[in-house]
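Q: the sequence and its predicted three-dimensional model are supplied below.
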Amino acid sequence: MTLRATKVRIYPDADQVPLLERQFGAVRFVYNKALHAKIHFYRTKGVSLHPVYDLKKLLAPARKSRRYALLKDFDSMALQQACINLNRAFQNFFEGRSKFPKFKRKHGHQSSYHCTGRMDFGEDWVTVPKVPGQIKAKIHRAIAGKVKSITLSRSPTGKYHASILAEDGEVAKPAPDIVRDDEVRGLDMGLTDLLVDDQGRKIANPKHLKRAQNALRKTQRSLSRKKKGSKNRNKARVKVARAHERVANARADFQHKLSRELVNENQVIIAETLKVRNMLKNSRLAKAISDAAWSSFLAKVEYKARAAGVIFARIDQWEATTKTCAPCGHKVAKMSLDVRSWSCPACGEAHDRDVNTAVNVRAIGIENLRASGLRVQACGGLRKTHHRAQRPTEAGNKVA
């Protein structure tokens, strides 16, 4: 069954806001306490405590003790989820996907997970455990199915949201066994052009962060002049958070619209496997790469494709798609980043660097998918396997 999460804006009243803030504070306290205990025991005794199997078990006796009796007033499932989130953070760290977990701050992003008890929603309200009454909400789309969980959150700018996860009862569309040749797209991600496909279509990089750089610089400078702990500094902090929020919202809106367009127009989408973390080590391009947000864009394409029954595939990162001539297969030795167009020394074909890369991504992706059983239909028939002729050298040897 398909699980769909819908994030809606909520507007708690004057009586509900303090309760939500206390709930966020309790979740943050459990997370930070568990992180501190894990670090302390490892440094002093060499014991690695598991956030779920060891630390989560301590919540029940802690709620009964006098020292942590205040935890009784908050949803137990939300407190347990804090330990589960900490375990996921350590998994991401050990598997190289993120840095070492940090302690949560009061002014950062806050969240509280609820999956049992008094949990429901209506046309313009949501309810969660430990918060009396209905919380006013702006539900902008229909939510069908059984509610599995509701996660309340507060952004650094002070906006409250509720993420409603529901099981809609629909089975995900199966991927096709036969696809049309003209509905297979190969994508190349870049900085000047965010996306280039094998047909030569180019989508310019909107560079949201660069366009907002002056406004961000102004708010950051204003924040740096404020005295720490003052009300004016808190106001300046909110202005900085709002500036960053506008950038993030603009980027997400652009990516959602473009990813939806790609999924609606194609049956197969093929992209390269990008190691963005390694690319960010380039100090000159790190900010531009982060602004492009290739990983988040491809993640949106992937989950939209899965829901629509569209095949999304990635080719290996070590494929020489940039330096290989698509028509003849000749591979040049080196190609610097400043070379945007080149001619093949073997066949003389002139190439646009990004378009040639997208064509190679598409060809390699089709070969990989055909090996797994997919059939590609071209010109009224099925595409047959063919081997590219090798170019003989003067000595009679063949060059790949």
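A: Cool, got the structure.

Q: all strands for the stretch 151-300 of the chain, in order.
A: Counting by DSSP state E, counting those that start in this stretch, the segments of the stretch 151-300 of the chain that form strands are 160-167, 178-180, 184-189, 193-197, 202-204, 268-272.

Q: in TSV: the ones you listed, plus distance to R237 and mean pLDDT.
A: From N, CA and C alone the C-beta is placed, and that goes for glycine too. What follows is those, written out as TSV (distance: least, CB to CB, whole Å; pLDDT from 0 to 100):
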stretch	distance to R237	mean pLDDT
strand 160-167	18	92
strand 178-180	51	79
strand 184-189	34	92
strand 193-197	31	92
strand 202-204	33	93
strand 268-272	38	91
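
Q: so which of the ones you listed comes closest to S153?
A: S153 lies closest to strand 160-167 among the strands of the stretch 151-300 of the chain, at 5.0 Å (CB to CB).

Q: what residues of that closest one count as buried?
A: Of all the residues in strand 160-167, those buried under the rule 16 or more other CB atoms under 10 Å are 160, 162, 164-166.

Q: helices along this protein, start to end?
A: With DSSP state H, the ranges of helices along the chain come out as 16-45, 59-64, 76-94, 208-211, 213-225, 231-265, 276-279, 286-292, 294-308, 353-371.

Q: columns mean pLDDT on top of the ones you listed, output as CSV?
A: Output for these, formatted as CSV (pLDDT from 0 to 100):
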stretch, mean pLDDT
helix 16-45, 95
helix 59-64, 91
helix 76-94, 94
helix 208-211, 92
helix 213-225, 93
helix 231-265, 94
helix 276-279, 84
helix 286-292, 91
helix 294-308, 91
helix 353-371, 89
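
Q: winner for burial among those helices?
A: helix 353-371 (a mean of 21; mean count of other CB atoms under 10 Å).

Q: give me the contacts around that helix.
A: Contact with helix 353-371 is made by 184-188, 190, 193, 196-198, 200, 202, 268, 270-272, 311, 313, 315, 319, 321-322, 324-326, 335, 339-342, 376, 383, 385, as judged by CB atoms under 8 Å, 6 or more residues apart in numbering.

Q: same deal with stretch 312-327?
A: Outside stretch 312-327, the residues that touch it by CB under 8 Å, 6+ apart are 188, 268-275, 301-302, 305-306, 330-335, 344, 346-347, 349, 351, 353, 356-357, 359-361, 363-365, 368-369.

Q: export that stretch as CSV, just CAs?
A: The C-alpha atoms that make up stretch 312-327 are tabulated as CSV, following Å, rounded to 0.1, in the frame of the first residue of the first chain:
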residue,chain,number,x,y,z
PHE,A,312,14.1,5.8,-12.8
ALA,A,313,17.7,4.4,-13.1
ARG,A,314,21.2,5.5,-12.4
ILE,A,315,24.4,4.5,-14.1
ASP,A,316,27.7,3.9,-12.4
GLN,A,317,29.7,7.0,-11.4
TRP,A,318,32.8,5.7,-13.1
GLU,A,319,31.4,5.6,-16.6
ALA,A,320,33.3,7.9,-18.9
THR,A,321,30.2,9.6,-20.3
THR,A,322,31.9,13.0,-20.8
LYS,A,323,35.1,11.9,-22.6
THR,A,324,33.4,9.4,-24.9
CYS,A,325,32.2,10.2,-28.4
ALA,A,326,28.6,9.0,-28.6
PRO,A,327,28.5,8.1,-32.3
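
Q: now it, how far from the chain's geometric center?
A: Distance of stretch 312-327 from the chain centroid (CA atoms, centre = their mean, to the nearest Å) equals 23 Å.

Q: which positions in that stretch come out as buried?
A: Under the neighbour-count criterion of 16+ other CB under 10 Å, stretch 312-327 has 312-315, 319, 321-326 buried.

Q: how close does R340 sit to K331?
A: Look at R340 and K331: by CB to CB, to the nearest Å, they are 18 Å apart.

Q: how about the residue nearest the centre of the chain, what does it touch?
A: Nearest to the mean C-alpha position of the chain, by CA atoms, centre = their mean, lies S296 at 3.9 Å. Residues in contact with S296 (CB under 8 Å, 6+ apart) are 251-252, 255.

Q: so what's the closest residue to N87 other than its chain neighbours scoring on pLDDT?
A: Computed as CB to CB, 6 or more residues apart in numbering, the closest residue to N87 that is not its neighbour in sequence is P51, at 4.0 Å. P51 is assigned 93 on the pLDDT scale.

Q: can you check T151 too?
A: For T151, the pLDDT comes out at 93.

Q: what number of residues lie near it?
A: The tally of other residues near T151 (other CB atoms under 10 Å) stands at 19.

Q: equivalent analysis for the one 3 residues further on, please.
A: For R154, the number of neighbouring residues by other CB under 10 Å comes to 20.

Q: okay, and the beta partners of it?
A: Counting by DSSP bridges, R154 is bridged to Q110, Y160.

Q: so who does it touch?
A: When contacts are counted by CB under 8 Å, 6+ apart, R154 touches 20-21, 24, 109-111, 160-161.
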